[in-house]
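# Sharing a sequence plus its predicted fold:
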Amino acid sequence: MASQLTLSAQRAALEREWAQWVPAGESALGRSSAVRTEVAQSWLRSLRTVDPGRDCAPESEIDDIGPRWAESPLRGPVTELSDQLHSVADDAGYVAAVTDASGTILWTYGGPVMRRRAEQVNFAPGGRWDEAHMGTNALSLALRTDQPHTVFSAEHLVAALHGWVCYCAPIRAADGTLLGVLDLSTTWKRSHPLAMATVRTMTSAIESKLRAARPAPAGMRLTCLGTGRLMRDGTAIRLRPRQLEILTLLALDDDGYSHERLHYAVYGDRAVGASTLKSEMSYLRRATGGDITSRVYRFTTALSCDAVDVLRALEAGDLDTAVRLYHGPLLPDSDTPGISEWRDYLEVAMRNAVLSSHDANHALTYGESAPDDIAVHEHALALLPPRDARRAVAAARLHRSGPEHAAPAAEYTALRA
């Protein structure tokens, strides 16, 4: 364990950096600093939505977090491993926590003293710890980067957390879907290099139990944003465009479709016999292992799908994840009525969220898949500081997006200068 003198010196240095950087905000760009790059970047993003002086994490919009935990795929593995998690927390004086993919805490465990400390900052079920709500912390960084992170003392944006050190790693399903994170947190004086190894070990154990609990069809992944394909255990399943359209509609609607409703969503007013759709459904049942019911067409187990992941992220207010997963319009070559309706819905939801965001990264990332969206590129330029090198990218996209914006790109790099 690092000596208390070393930890004290590290904490004091970070406090000085925090006091110089955080009040200055974007004006601190370009200033040399000993703060880690990922932490400094997170501070700047977080300051747009989080008050560093807040005393605790906000509550989830859901009053009772119990049902969400009961339905979470993480509940079973975490329950099975509860003895080990309890032992780690009790022996080392930590609080253990598990979140969902939005950064909302679903489960915690800690001894009486640490639990009381954690509850004071709402490090408890229902607390929202994503970057947009609680700024820079290990949970928010792990969710954003899909990598393990440690955040020590004044690396936290919120001053109420400067007495903590947190170790966190993402938890993924067998198909790669991000399910949440596992976090171990304690007071800064108990910082220990082996804590991250413990988090990684426990995360691997949770993921192993997730893989063991899921049958082979859980390896299916439907991609329908920007392109269309169905993968099963890493192997592409050959499907016609019409069959991909049907799978996409079923994935996006948990309630399922009656035969008549699905027929209209696929064929519209065209004169297509009922047997045509029945034939398509029979083929899809064989392709997916028979996971589609008959009376009402729906999946018996949820089909992993990129469009569904984007919708869930938007509903949870997690725009970081939404823009990362959004790779273009829904099945862009399809003119199927149901797909066209969903495509418009997704594009409007994504675009409005991006244009309402104060994070330039959202506009820049979304702009990759919306090359002709002038407003998005203008929004990125308006948010980027004058000396930010990424302005050149946004300006080039704007220059390319339409003849009315064909002025030299240099003109746009001067905006907000």
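Structure received.
# Just give me the residue closest to the centre of the chain.
By CA atoms, centre = their mean, the chain has its centre lying nearest to Thr321, at 3.3 Å.
# contacting residues for that one?
Ala101, Leu143, Leu178, Asp309, Ala313 (CB atoms under 8 Å, 6 or more residues apart in numbering). (C-beta placed from N, C-alpha, C; glycine too.)
# again, but for Ala363
Applying CB under 8 Å, 6+ apart, we find Ala363 in contact with Val354, Leu355, Ser357, Val376, His377, His379, Ala380, Leu383, Ala394.
# What about those residues, which are in strands?
With DSSP state E as the criterion, strands contain none of those.
# For ChimeraX, write a command that selects the buried ones of the residues you listed.
Filtering the contacts of Ala363 down to the buried ones (16 or more other CB atoms under 10 Å) takes a single ChimeraX command:
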select :354,357,376,377,379,380,383,394
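# can you redo the contacts of Ala363 as TSV with distance to Pro241?
Output for the contacts of Ala363, formatted as TSV (distance: CB to CB, whole Å):
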residue	distance to Pro241
Val354	28
Leu355	31
Ser357	33
Val376	28
His377	31
His379	34
Ala380	33
Leu383	38
Ala394	34
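# quick one: which of the contacts of Ala363 is nearest Val78?
For those, the residue nearest Val78 by CB to CB is Ser357; the value is 32.3 Å.
# so the closest one makes contact with Asp320?
No: shown here, Ser357 and Asp320 do not form a contact pair, counting by CB atoms under 8 Å, at 9.6 Å.
# average model confidence for stretch 191-201?
Mean pLDDT, stretch 191-201: 92.
# What count of nearby residues applies to the residue lying closest to Ser191 once chain neighbours are set aside?
Spatial nearest neighbour of Ser191, chain neighbours left out: Val165 (4.5 Å); criterion: CB to CB, 6 or more residues apart in numbering. Summarising burial for Val165: neighbours were counted as other CB atoms under 10 Å, giving 25.
# The strand or helix carrying Val165 - contacts with which helices or strands?
According to DSSP states H and E, Val165 maps onto strand 164-172. With contacts defined as 3 or more CB pairs under 8 Å, 6 or more residues apart in numbering; DSSP states H and E, the secondary structure elements packing on strand 164-172 are helix 138-145, strand 149-152, strand 178-187, helix 194-213.
# partner strands of it, parallel or antiparallel?
In the sheet, strand 164-172 lines up against strand 149-152 (antiparallel), strand 178-187 (antiparallel) (DSSP bridges).
# tell me, how many neighbours does the closest residue to Asp255 other than its chain neighbours end up with?
Leaving aside its chain neighbours, Asp255 sits nearest to Arg298 (7.2 Å; criterion: CB to CB, 6+ apart). The tally of other residues near Arg298 (other CB under 10 Å) stands at 18.
# mind listing what Arg298 touches?
Counting by CB under 8 Å, 6+ apart, Arg298 touches Leu250, Asp253, Asp254, Asp255, Gly256, Tyr257, Ile292.
# Let's have those in a markdown table, adding distance to Ser340.
Below are these laid out as a markdown table (distance: CB to CB, whole Å):
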| residue | distance to Ser340 |
| --- | --- |
| Leu250 | 16 |
| Asp253 | 15 |
| Asp254 | 20 |
| Asp255 | 20 |
| Gly256 | 20 |
| Tyr257 | 16 |
| Ile292 | 23 |
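# nearest to Gly135, of these?
Proximity of the contacts of Arg298 to Gly135 was ranked by CB to CB; the top entry is Asp254 with 33.3 Å.
# Mind checking what secondary structure that closest one has?
Three-state call for Asp254 (DSSP: H, G, I helix; E, B strand; the rest coil): coil.
# can you count the residues close to it?
10.
# per-residue confidence for it?
pLDDT at Asp254 comes out at 83.
# Spatially nearest residue to Gly367 (excluding sequence neighbours)?
Val376 (5.0 Å).
# Also Ala132?
Thr49 (4.9 Å).
# Was I right to think Met114 contacts Gly93?
Yes: counting by CB under 8 Å, Gly93 is a contact partner of Met114 at 6.1 Å.
# rewinding a little: for the residue nearest to Asp255, phi and psi?
Per-residue torsions, Arg298: phi -160, psi 160 (degrees, to the nearest 10).
# how much space between it and Thr177?
20 Å (CB to CB, to the nearest Å).
# got it, and Ser369?
Counting by CB to CB - Ser369 and Thr177 are separated by 20 Å.
# show me what contacts Met114?
Ala89, Gly93, Tyr94, Val95, Thr186.
# export the residues you listed to JSON lines and tack on pLDDT?
Below are those laid out as JSON lines (pLDDT from 0 to 100):
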{"residue": "Ala89", "pLDDT": "91"}
{"residue": "Gly93", "pLDDT": "90"}
{"residue": "Tyr94", "pLDDT": "95"}
{"residue": "Val95", "pLDDT": "96"}
{"residue": "Thr186", "pLDDT": "96"}
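# Let's have these in JSON lines, adding neighbour count, secondary structure and distance to Gly126.
Formatted as JSON lines, these follow (neighbours: other CB atoms under 10 Å; DSSP: H, G, I helix; E, B strand; the rest coil; distance: CB to CB, whole Å):
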{"residue": "Ala89", "neighbour count": "22", "secondary structure": "helix", "distance to Gly126": "19"}
{"residue": "Gly93", "neighbour count": "14", "secondary structure": "coil", "distance to Gly126": "24"}
{"residue": "Tyr94", "neighbour count": "28", "secondary structure": "coil", "distance to Gly126": "20"}
{"residue": "Val95", "neighbour count": "23", "secondary structure": "strand", "distance to Gly126": "15"}
{"residue": "Thr186", "neighbour count": "23", "secondary structure": "strand", "distance to Gly126": "21"}
